[in-house]
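K.L.:
show me the folded form of this:
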Amino acid sequence: MKIAVPVKFVPDLVEELNIDPSGTALDTAWLRLIINEFDDHAVEQAILLKEKEGGQVTVITIESEGADDFLFAAAAKGTDQLIKLTGDFSHANNHGLARVYADILKELQPDLILTGVQAHNDLDGSVGPLLAEQLGLPYVGYVAGVSVMGDKVIARKEYSGGLVAEIEIKLPAVLGIQASEQPPRYIAYSKIRQVMGTAKIEEKTVAALDLSGGTTVSRMFQPEVAQRATMLEGGTDEVADKLVSIFKELGTL
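P.N.:
Numbers count the residues shown, from 1 in each chain. Next comes the predicted model:
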């Protein structure tokens, strides 16, 4: 089985985020990027499937701070092929990334594509379903376990109230991973350094991005400190009437 995992890096929310002079994007001068947590789980799930069923795992990411380190760490964990896309991704959105990943995946022809189910900087939809649309493949998201049955996979989804669903999908397919069957494994840096001497990162240049269909940001700003909470008192009907009046004043009704 050939498994491909496109991953992305996201701003580290532990660090202070600043708006650039245009007021429409984050200032990237000192922006620290980390691997998207759900994408890390997607890589782990791919390795678990390889260990159970055999096959080959390819990890794909775009050129960014920390990309090489993550790719080498993925190789140390057990992935087989590392691909880094180079080019100008400064204004990339998920529509553009999905199109770029789709072009690469059409060449690789994987049986299964795993993505993180979402990322905290998604403004125009998650990469997984957009990628599935580009490839004309079925998509199932919020998956917390995967098993293989011949030319099909069983995706395990967890719902509130302790409900669990198992969905059968014919391959090839795209799955959005919420959680791998076990937490992403830890790899000692000494092992990563060993892999750096043998593993190879394939670089593929992306000439231009097609960003059509994405969200256009008109303004970004830090949360404004203000006292705007309105406490509504009274009975149920009275509070409901007050809410309707407020919504009408705001133009939402």
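K.L.:
check the secondary structure at residue 47 for me.
P.N.:
Three-state assignment for residue 47 (DSSP: H, G, I helix; E, B strand; the rest coil): helix.
K.L.:
surely it meets residue 76?
P.N.:
No - contact criterion C-beta atoms under 8 Å: residue 47 and residue 76 do not qualify, at 10.7 Å. (C-beta placed from N, C-alpha, C; glycine too.)
K.L.:
would you mark the buried spots in the one helix or strand residue 70 maps to?
P.N.:
Taking DSSP states H and E as the definition, one finds residue 70 inside helix 67-77. Using 16 or more other C-beta atoms under 10 Å as the test for burial, helix 67-77 gives 67, 70-77.
K.L.:
now swap in stretch 152-170 and tell me
P.N.:
When burial is assessed from 16+ other C-beta under 10 Å, stretch 152-170 yields the following buried residues: 153, 155-157, 169.
K.L.:
now render those as a markdown table, adding distance to residue 4 and secondary structure.
P.N.:
A markdown table is the format used below for the buried residues of stretch 152-170 (distance: C-beta to C-beta, whole Å; DSSP: H, G, I helix; E, B strand; the rest coil):
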| residue | distance to residue 4 | secondary structure |
| --- | --- | --- |
| 153 | 14 | strand |
| 155 | 16 | strand |
| 156 | 20 | strand |
| 157 | 21 | strand |
| 169 | 16 | strand |
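K.L.:
secondary structure class of the residue nearest to residue 93 when sequence neighbours are not counted, three-state.
P.N.:
Leaving aside its chain neighbours, residue 93 sits nearest to residue 214 (3.6 Å; criterion: C-beta to C-beta, 6 or more residues apart in numbering). What three-state DSSP gives for residue 214 is coil.
K.L.:
the strands in the protein, which residues?
P.N.:
Ranges of strands in the chain, per DSSP state E, are 2-6, 9-11, 33-35, 56-62, 81-86, 112-116, 139-149, 152-158, 164-170, 173-177, 201-205.
K.L.:
which of those sits most buried?
P.N.:
With neighbours taken as mean count of other C-beta atoms under 10 Å, those reach their highest mean count in strand 112-116, at a mean of 28.
K.L.:
I'd say residue 176 and residue 122 touch.
P.N.:
No - in this structure, residue 176 is not within contact of residue 122 by C-beta under 8 Å, at 11.4 Å.
K.L.:
residues contacting the residue lying closest to residue 1 once chain neighbours are set aside?
P.N.:
Take residue 1 and drop its neighbours on the chain: the residue closest to it by C-beta to C-beta, 6+ apart is residue 55, 3.6 Å away. Contacts were defined as C-beta atoms under 8 Å, 6 or more residues apart in numbering; by that measure residue 55 touches 1-3, 49, 111.
K.L.:
swap in 10 Å and give it another go.
P.N.:
Contacts of residue 55 were listed using C-beta atoms under 10 Å, 6 or more residues apart in numbering, and they are 1-3, 46, 49, 80, 110-112, 148.
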